[in-house]
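S.K.: I would like to see how this sequence folds:
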Amino acid sequence: MTVIGMLHHRLDPRTVIKSYAYAIVAQAEGAQFFYFTPKSVDFTKRIIRGQVYERGDWHERMMPFPDVVYNAGSPEKLAVSKEIIEQLKKEIPFTTHSIGNKWNVMKRLQEAQTFAQYLIPTEIVKNVELFHKFIAYHKKTVFKPIDGRKGKGIYFITKVGHSNFEVRKDSEKTLYTKAQLDTLLNAQLATGTFIMQPYIQSVTKTGQVYDFRLHVQKNGEGQWVITTIYPRIAPQGSIVPNINNGGFTNYLEPFLAQEFQEEAFNIRRMLEHFSLSLAQHLDGIQKAQFGEVIDEIGIDIGLDDKQKIWMYEVNWRPGCPPAFYLELDVVKHMIHYAMYLAKQPKVSQVPIVAITGSAGKTTTKAFLASILAEKWRIFASKDYWNTTEHTKKHKEEINDTHQAVVLEYGMAYPEVITEHCRIIQPNMAIITNIGLAHVGNFDGDIRGVAKAKSELIHGMDQQGVLVVNQDDENSRYLETEHFKGKLLTVGIHQAADYQAYDIQYKEDGMTFKVKLRGQEVAMFIPILGEHHVYNALNAIALADDLGFSAAQIQAGLHFKKPPRRLTLYHCREEITVIDDTVHSHPQGVRAAIDVLTHIAKGRKVAIIGQMRELGDLREAEYRKVGEYVVENDIDIFITYGFRTEEMGEAAKAMGMDATNVYHFIQKDALHALLQTLVQPHDTILVKGASKTNMFETVQFLDQTWGE
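M.R.: Below is the predicted model of the structure:
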């Protein structure tokens, strides 16, 4: 039996008239139905304190999580429970997604162009001056609330002569001067946002204003069907056909026969075709932009004297005229559609996160995995296991017990990340940055690196979540323009969705602040370097999007740091060794030098090894590193490996004392120098690519001066 839960903002279903119809029809259709509010949901026990309609009244019952949620409450009033609702949506299919206000719907249709020819020109009334420019051109104007319902608050304004205006509201007609009209408009604008449109009328042969309501829904097969089409006719003397303002309805067939005679059949077919076509079109836009489907809309249209369709409004969850007893038809369609949704194969809601980028993949993965493990059983790839062969192994190891998956996707050439995504398609992704790692494999063009990293954007779930670095200049080359999912940005220096500020170096890590859901939250990470704040922000962004609390995020950031990533060795004689010997590229070298500069209390010693796969950019990038060493007042500069002396030469050219610059291609000779060179209170950075085995120098320093 399908279990349907009706979600509403009101505590008592007795105050929600339609709850009775849904309860009765669900029972007749063989479904179990209950009513609930967000605060009644218990995620720990996976039960809901709901209301069940039995024996003519509502009774409280403890209910299991439903198979489908009928989303019936006001979006504005349910917004206070956004976190609860978002968590429910991750586990349970929802019906009845909002398509936004009138302005947003019309804007979407305008941008999509297919139905733009049917739109009445519409503008937001920013001030009375703009209104007067509009009416000077159109002469007859409709002025109404952007979120209006049931025909409330609509004014029909016509310019009369040079400076007077006829204002019609409901059945009342009043002549205003410009000053009087301005007073009226300003008073209305103070209450909310209004839009204005030229007034296009449909008029019967007897001179009464009318429009058509086209009501369409999805049925028990998930297909759009027409629930009803009917005319709404304004009473004599009024130009508002809305039923709540005194308008009345008629059956479609006799109305068309009376007004259009031999054209009646063609008009009906035109209205039916338009109803279903527009519903399918809006459904496609909603899916593309928000990853949601819609299931019910009401379209208000008029016909001009040439029988051209003009759209007045598109409403979601439209009402029904009580005279036609259509409420039960609407309810039946909704119940059938909910039962259809419940039978659909469950789409995996397990977050599958793939992380790529020129630097920071492993640390970002470690941060995120640590946070998610605060409440979920996760699968995380081993440090540096980021080849496609590793991804194939991961696919075999991931099973139904894992509630989240966090992976690194590495690449050195085009099409590699595409292959990663073929093996395991992620629904969430992080691109940490676009740097010079492997740029030699792309003819020295950073845009080639960005294109290869963009394979993750194209290969992931297109309705998923993507995190990018707002501060990283090269990330502007990422191909995000056609991505249809949610794009989150992180940054320090540029405004971003998740922006760190008040960043401080501490003895054992970094502190910073970030705003989560409008609240300032202090964070600490047990690793040094501003670049690791970006890695933490990447993890924070996805964890927050997944509904993790600030406390869970704070706890998870106390992660197990990946080895040889700015690891500190505190040796005797107050000598400090910084081990950063896993990877090496220009961006990472500068970041490591920044850490050395910030934590050193005595002399600053930088031992820098080779950076690989820079191609034709090697000479220029080596020179920049040498210059950066001088800019940061490094006291002793030692280079190790083939052609790394170019960094030292650049440092000397910038004015560094040649007696403080050394170069080696043999580690034994380097270590022999260190035995005589190192002094108490020195801070020594050892940085190099893993293939150069610079960790041997870290071990030598630790063995020689270790506690």
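S.K.: state the pLDDT value of V347.
M.R.: Note on V347: pLDDT of 48.
S.K.: for the stretch 501-650 of the chain, what spans make up the strands?
M.R.: 501-506, 509-516, 519-525, 567-570, 576-580, 604-608, 636-640 (DSSP state E, counting those that start in this stretch).
S.K.: direction included, what does the helix or strand harbouring K173 pair up with?
M.R.: Secondary structure assignment for K173, by DSSP states H and E: strand 172-177. Partners of strand 172-177 in the sheet, by DSSP bridges, are strand 164-169 (antiparallel).
S.K.: how about the strand it pairs with: buried residues?
M.R.: F165, V167, R168, K169 (16 or more other Cβ atoms under 10 Å). The C-beta positions use only the backbone N, C-alpha and C, and glycine is treated the same way.
S.K.: again, but for stretch 635-646
M.R.: Within stretch 635-646, the residues that qualify as buried are D635, I636, F637, I638, T639, Y640, G641, T644, E645, E646, counting by 16+ other Cβ under 10 Å.
S.K.: for the fourth one, what are its contacts?
M.R.: Listed by Cβ atoms under 8 Å, 6 or more residues apart in numbering, the contact partners of I638 are V605, A606, I607, I608, V661, Y662, H663, F664, L670, L673.
S.K.: thinking again about what came up before, next secondary structure after the strand holding K173?
M.R.: helix 178-189.
S.K.: tell me the mean pLDDT over that following helix?
M.R.: Rounded mean pLDDT across helix 178-189 is 92.
S.K.: which strands and helices sit next to it?
M.R.: helix 128-138, strand 155-160, strand 164-169 (3 or more Cβ pairs under 8 Å, 6 or more residues apart in numbering; DSSP states H and E).
S.K.: now the angle from it to strand 172-177?
M.R.: 120 degrees (axes from the mean of the first three to the mean of the last three Cα atoms, to 10 degrees).
S.K.: and the next helix or strand after helix 178-189, how far out from the chain middle?
M.R.: Counting by DSSP H and E, the next helix or strand C-terminal to helix 178-189 is strand 194-198. Strand 194-198 sits 31 Å away from the centroid of its parent chain (Cα atoms, centre = their mean, to the nearest Å).
S.K.: how about stretch 615-623?
M.R.: 38 Å.
S.K.: which outside residues touch it?
M.R.: 436, 439-444, 586, 611, 614, 643-644, 646-647, 650.
S.K.: hmm, back to that, of the contacts of I638, closest to K453?
M.R.: Closest approach between these and K453, by Cβ to Cβ: I608, at 25.7 Å.
S.K.: dump the residue contacts of the closest one.
M.R.: 584, 589, 625, 629, 637-640, 644, 647, 685, 687-688.
S.K.: can I get those in CSV with distance to Y155?
M.R.: Formatted as CSV, the contacts of I608 follow (distance: Cβ to Cβ, whole Å):
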residue, distance to Y155
S584, 69
V589, 66
V625, 68
V629, 71
F637, 76
I638, 79
T639, 77
Y640, 79
T644, 76
M647, 73
L685, 71
K687, 70
G688, 73
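S.K.: tell me the domain ranges of this protein?
M.R.: 3-95, 102-118+203-316, 123-198, 352-556, 567-705 (automatic domain parsing).
S.K.: quick one: least confident helix or strand in the protein?
M.R.: helix 102-112 (a mean of 77; mean pLDDT, DSSP states H and E).
S.K.: hmm, which two among the buried residues of stretch 635-646 are most spread apart?
M.R.: D635 and G641 (21.2 Å).
S.K.: for D682, see how far away the closest residue to G688 other than its chain neighbours is.
M.R.: Distances taken as Cβ to Cβ, 6 or more residues apart in numbering put G609 closest to G688, at 2.5 Å, once the chain neighbours are dropped. Distance of G609 to D682, given as Cβ to Cβ, to the nearest Å: 19 Å.
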